[in-house]
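>>> predicted structure and sequence below. I'll ask about it afterward.
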Amino acid sequence: METFKLQQIKKSFFIEDREEVILKNIDLSLNKGELTALVGASGSGKSTLLTIAAGLQQATDGQILFENQDLAKLSAEQIRAIRAKKFGFVFQFSHLVPFLTVEDQLTLMLDVADKKINKAEVTRVLQLVGMDHRKNAYPSSLSGGEKQRVAIARAIIHQPEILFADEPTASLDSKKTEDIMALLQTLTKELNLTTLLVTHDQEVLHFVDNIVTMQDGEIIQTPVQS
Ligand SMILES: Nc1ncnc2c1ncn2[C@@H]1O[C@H](COP(=O)(O)OP(=O)(O)OP(=O)(O)O)[C@@H](O)[C@H]1O
């Protein structure tokens, strides 16, 4: 089922008097329970597209359709509320808060999303990512892969609809990369998430449902894997 749709997204910047077009009329539909990877050369516009989809920066033109509204037409405050409640984020680095335990990283997120703090739910989500045995640990005692597992738990604890992942495996070795991709694949299916992943890594593409290739600000192909 289609849950998120970008229509005719354009992004340009003015550098002195010259207009630099970064995204050219992008159309992209994302489906529930599917993991979609955005790939393409450095500078092709992947991160710009992800941040526009996530409401982290504005498009110059176009529509972002989600739950019967166009996010491109909402105020910054309205977008912030949708981001906090409906979107989850994972980045290249886990960005865990150094002085909070694993468990408290998740309860903080529930607070930000204005949701009731439910310890049993925190434990359940930590079990889902295989980190419940480290719930009292601080980030400094975790490996890179473990930190990313906690970052993923934090990204889903408030039960978002959409999960945005920008290069989540870029700082991991190949074994940990496989583990984290397998986890993202499983969570996307089990929680019926709509997941958009930006990656440079061709090796991870067997974990995804859809591959969207960008080149010079355009989508050049959207093959569906069998
Ligand atoms: N704020 C900005 N002002 C001007 N140009 C920008 C801005 N943000 C991005 N760009 C340009 O837009 C283009 C696309 O950048 P973007 O980061 O989206 O590419 P990418 O495909 O994610 O690259 P990478 O794989 O290296 O992260 C680049 O040429 C970049 O320099």
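On my side now, so go ahead.
>>> show me where the protein has strands.
With DSSP state E as the criterion, the chain has strands at 2-15, 18-31, 34-40, 61-66, 69-70, 87-90, 162-166, 194-198, 210-215, 218-221.
>>> how distant is the second one from the center of its chain?
I take that to be strand 18-31. 18 Å (CA atoms, centre = their mean, to the nearest Å).
>>> can you list the buried residues in that strand?
If you call a residue buried by 16 or more other CB atoms under 10 Å, then strand 18-31 has these buried ones: 22-23, 26, 28-31. In this view, the C-beta of every residue, glycine as well, is placed from N, C-alpha and C.
>>> which residue is nearest the middle of this structure?
In the chain, the C-alpha closest to the average C-alpha coordinate belongs to Phe164, at a distance of 1.0 Å (CA atoms, centre = their mean).
>>> need phi/psi at the residue nearest to that one when sequence neighbours are not counted.
Spatially, and ignoring its direct neighbours in sequence, Phe164 is nearest to Ala54 (4.8 Å; CB to CB, 6 or more residues apart in numbering). Backbone dihedrals for Ala54, given as degrees, to the nearest 10, come out at phi -80, psi 0.
>>> just want the angle from the top helix by length along the chain to strand 194-198.
Criterion DSSP state H: the longest helix present in the chain is helix 174-190. Interaxial angle of helix 174-190 relative to strand 194-198 (axes from the mean of the first three to the mean of the last three CA atoms, to 10 degrees): 150 degrees.
>>> list the helices and strands helix 174-190 packs on?
For helix 174-190, the elements it packs on are strand 34-40, helix 144-156, strand 162-166, strand 194-198, judged by 3 or more CB pairs under 8 Å, 6 or more residues apart in numbering; DSSP states H and E.
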